[in-house]
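could you look at this predicted model? Sequence included:
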Amino acid sequence: NATTPASQCHAISEYAIRTLELKRFAILFSNDRSGKEWVRCLRENVNLMGGKIVLAQSYLPNETDFKDTIGPLKKAYEKTDGVGFDGIFLPGDASSVGLILPQLFFHDIKNTVLLGTMGWSDPDFLKLARKYAEGAVFVDGFFAESQDPFIQKFVSQYRKEFHEDPNLLAAQAYDAANIIITAIKEGGTSRSDIRSAISGTRDFEAVSGYISEIKDGEAIKKPFLIQVKNGKLLQVN
């Protein structure tokens, strides 16, 4: 019941290309197994939707000074022959991306849309990135400040019971429990009955993202898209 990297790549690529109408992108990624998988996933989705990745630039996992990393990015950004880019994917964690964004601004990479993944979902992200994250959009698997009445009810009940805000894992567990409870209510009295009912789940309202179906044991859900606006996080979908 988690929001997978594949669904994140699809959601952020679709928003960038079909909603924001961006066409050319760079990817700034950590030079490790996870970072390389993000590049593969983003490239696949961008190409599928008619966009183009013009540069995929890596940085060392523990890097803090990104001057040399940003150099090739700046050269690609400044090209005027149609090869420059209008969006940057940064599929890293909040601690790295929070350091990168001010350095992008320092190196005059300013008029481009910043696009991220669930790694940005951290209380310290805005503290690190500050004003340099303004306008950025990233994917998340749960958003406690959502204006959706169904989510607001869950958050209110959770706060009343536990005296704290629910996090992603709490939301996913709540949804998983409700899927199982629904299967039982629909007549599941054995393990095989419940398994069959779960696999047949369709159009299920969930606080961690609306589930269209469950396929091969995985919930196919719509992630949240979050934008930094006036220093705050707002849902845009």
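That came in fine, so what should we check first?

buried residues, the strand or helix carrying residue 192. List them.
Assessed by DSSP states H and E, residue 192 sits inside helix 191-199. For helix 191-199, a neighbour-count test (16 or more other Cβ atoms under 10 Å) marks 194, 197-198 as buried. Every C-beta, even on glycine, is put in place using the N, C-alpha and C of the backbone.

which other helices and strands does it contact?
Packing contacts for helix 191-199, counted by 3 or more Cβ pairs under 8 Å, 6 or more residues apart in numbering; DSSP states H and E, involve helix 168-185.

in the helix it packs on, what counts as buried?
So, applying 16+ other Cβ under 10 Å, buried residues of helix 168-185: 168, 170-172, 174-176, 179, 183.

same thing with stretch 119-134?
Under the neighbour-count criterion of 16+ other Cβ under 10 Å, stretch 119-134 has 119-121, 125-126, 128-129, 132-133 buried.

and it, end to end?
When the termini of stretch 119-134 are compared using Cα to Cα, to the nearest Å, they are 17 Å apart.

phi first, then psi, for the residue lying farthest from the centre of the chain.
For the chain, the C-alpha farthest from the mean C-alpha position belongs to residue 189; by Cα atoms, centre = their mean, that distance is 37.3 Å. In terms of degrees, to the nearest 10, the main-chain angles of residue 189 are phi -120, psi 0.

and the gap between it and residue 125?
When distance is defined by Cβ to Cβ, to the nearest Å, residue 189 is 46 Å away from residue 125.

and residue 90, what does it touch?
By Cβ atoms under 8 Å, 6 or more residues apart in numbering, the contact set of residue 90 is 27-29, 97, 100-101, 114-116.

let's see 6 Å
Shown in contact with residue 90 (Cβ atoms under 6 Å, 6 or more residues apart in numbering): 28, 97, 116.

can you pull up the most central residue in the chain?
Central residue of the chain (Cα atoms, centre = their mean): residue 139, 2.1 Å from the mean position.

the host helix or strand of it packs against which elements?
Using DSSP H and E, residue 139 sits within strand 137-140. Secondary-structure packing of strand 137-140 (3 or more Cβ pairs under 6 Å, 6 or more residues apart in numbering; DSSP states H and E): helix 5-14, strand 224-229.

will you turn those into JSON lines that also has mean pLDDT, mean neighbour count and distance to residue 71?
Formatted as JSON lines, the helices and strands packed on strand 137-140 follow (pLDDT from 0 to 100; neighbours: other Cβ atoms under 10 Å; distance: least, Cβ to Cβ, whole Å):
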{"stretch": "helix 5-14", "mean pLDDT": "96", "mean neighbour count": "21", "distance to residue 71": "25"}
{"stretch": "strand 224-229", "mean pLDDT": "97", "mean neighbour count": "20", "distance to residue 71": "26"}
